[in-house]
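Engineer: here is my input; please provide its structure:
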Amino acid sequence: DQGKMPPKRTRAGPGKKESPATNAPQPEEEEERTRLPLPEGFYGSVLNAKWSHVLGFPEVDEYEEELVRMEVKEGQRPTQSWEYKSRGMSFELDGAVEQFSPPRPWLMVLSSEKGWPYSLQEGTALADCYVTAEAERVWKRLDGFLRMLFRHSTGGDSDVKRVLLLGTPGIGQSMTVGSYLLYQLLHYDAEQLQVAIYCLGGELAYVFDKTTQAVTEHEGAGSIVDAINDLSRRGKKGYIVYDVSEEGAPPPSGLPPDGWGMIVLGSLKQHNYKALATQLHTGLTVMNCPDEEEVKAMCAWRKRDCPEQERNKYYGAVYSRMFYVGPLPRYVLTEAEFNERTAAVESALQAITASAANDYLDRKDGNIWCPKNPFQQLVKIVRESKGCGLEGMRCTDICRSLGARVAQRLGEVLGSSEGFWRLVSAGDRRLRF
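Structural biologist: You can find the predicted model right below:
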């Protein structure tokens, strides 16, 4: 019995040096992982996270097949980042092919020696936050919302006081986007933003005070809300990253306080997305899945210290996994996660009934994300522009092989002819909030 951690712990300043956290595979554990204690120097570790990046060089192999050779630049921030076209408050890459040509990276990596809030909660020694072009796009959109929020701070609540971020389960919202947003908030103008808070559900929060350069840990919904309201009463402005992408209830209606803002990392995998969408009817942001080359860049980073033969073998295994379950980093970067995901996919396919198939083909997409609906394991969401800077989303197949298997299963439960023609006529299924 590890015992209950105290409601609040404080760690200030950079602290003394410790050995870096690593991304080495951890032994499989049947029991639930124990949350790691708040380490000395946690604020400084996140604030001063080390930049690295991965470049991609197009080449042709001996079989005249086009490929991208990845080259890791450890400890180096890229000299150029991606460029985006602005469409109101929405952003899209400006010419996708050119945006990934050197010196622009395929992937950026932020490494915090002492981990990130999510990794502490999970009890893992994850130091690396992967920053994809999609993660950077989310930050650019949030940065615009922040500017709007501060313009409205003296004249009532802004329409962007609460923002909802949704993405396909498995893309790593917590460890990638959540951690990256926290890093950017710590580097935001301290005159406008003095506090950044990372909430993991309603029961755990890390409060980063930029004035004192200290982190305090709070447990329990009441304690968290009280701490935030106390900061607000003392005249401090802050922003909250409220992470319910893994588990947890929607944020309390009283958050954020006046003059503050909040982004909620939501999950379509759980029933709570409808409640979140109702609460946060403005400022919806949708994050696409990474593509195969971005996952390849992650592989290059993870195996950067290994011989070329081992690197190639590892990516070959990951590439094969993507064929079966799609480019979802959580499920393809390790064999254990892939095996678990494969079992879930097989179970989901067998669980498709005529009723579930009819809902799917009739575009009753809200039902897909209800508990126990098998299709939530078999589809992904893709962002759509709705004009005026608003974003929407639609459902589609995670990958071709899964799409083919879904079509086959629909034929089995509905009859081959009916299943085929209804699938063709349905096209991409859309989610509307």
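Engineer: so who does residue 47 touch?
Structural biologist: 183, 186, 187, 213 (CB atoms under 8 Å, 6 or more residues apart in numbering). From N, CA and C alone the C-beta is placed, and that goes for glycine too.
Engineer: make a PyMOL selection of the buried ones in these.
Structural biologist: What follows is the PyMOL syntax for the buried subset of those, where burial is set by 16 or more other CB atoms under 10 Å:
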select buried, resi 183+186
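Engineer: so which of the contacts of residue 47 belong to strands?
Structural biologist: Among the contacts of residue 47, no member falls in strands (criterion: DSSP state E).
Engineer: TSV please, covering the contacts of residue 47 and showing distance to residue 203 and pLDDT.
Structural biologist: Converted to TSV, those look like this (distance: CB to CB, whole Å; pLDDT from 0 to 100):
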residue	distance to residue 203	pLDDT
183	23	99
186	23	99
187	28	98
213	25	97
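Engineer: among the contacts of residue 47, which lie within helices?
Structural biologist: Judged by DSSP state H, the contacts of residue 47 include 183, 186 as members of helices.
Engineer: nearest to residue 390 among the contacts of residue 47?
Structural biologist: Nearest to residue 390 among the contacts of residue 47, counting by CB to CB, is residue 183 at 26.9 Å.
Engineer: list the residues that contact the closest residue to residue 291 other than its chain neighbours.
Structural biologist: Sequence neighbours aside, residue 327 is the residue nearest to residue 291 in space, at 6.1 Å (criterion: CB to CB, 6 or more residues apart in numbering). Counting by CB under 8 Å, 6+ apart, residue 327 touches 289, 290, 291, 292, 294, 295, 399.
Engineer: and residue 389, how many neighbours?
Structural biologist: Other residues within reach of residue 389 by the criterion other CB atoms under 10 Å amount to 15.
Engineer: check the one 10 residues further on too.
Structural biologist: Residues within reach of residue 399, counting by other CB under 10 Å, total 19.
Engineer: find the helix or strand that residue 57 is a member of.
Structural biologist: Residue 57 is located in strand 50-60, with elements delineated by DSSP states H and E.
Engineer: for the helix or strand just after that strand, C-alpha coordinates in CSV please.
Structural biologist: Counting by DSSP H and E, the next helix or strand C-terminal to strand 50-60 is strand 66-73. What follows is strand 66-73 as a C-alpha-only set of coordinates in CSV (Å, rounded to 0.1, in the frame of the first residue of the first chain):
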residue,chain,number,x,y,z
GLU,A,66,10.5,6.6,-53.2
LEU,A,67,11.2,6.8,-49.5
VAL,A,68,12.1,9.4,-46.8
ARG,A,69,15.4,9.0,-45.0
MET,A,70,15.1,10.4,-41.4
GLU,A,71,18.0,12.2,-39.8
VAL,A,72,17.9,13.0,-36.1
LYS,A,73,19.2,16.4,-34.9
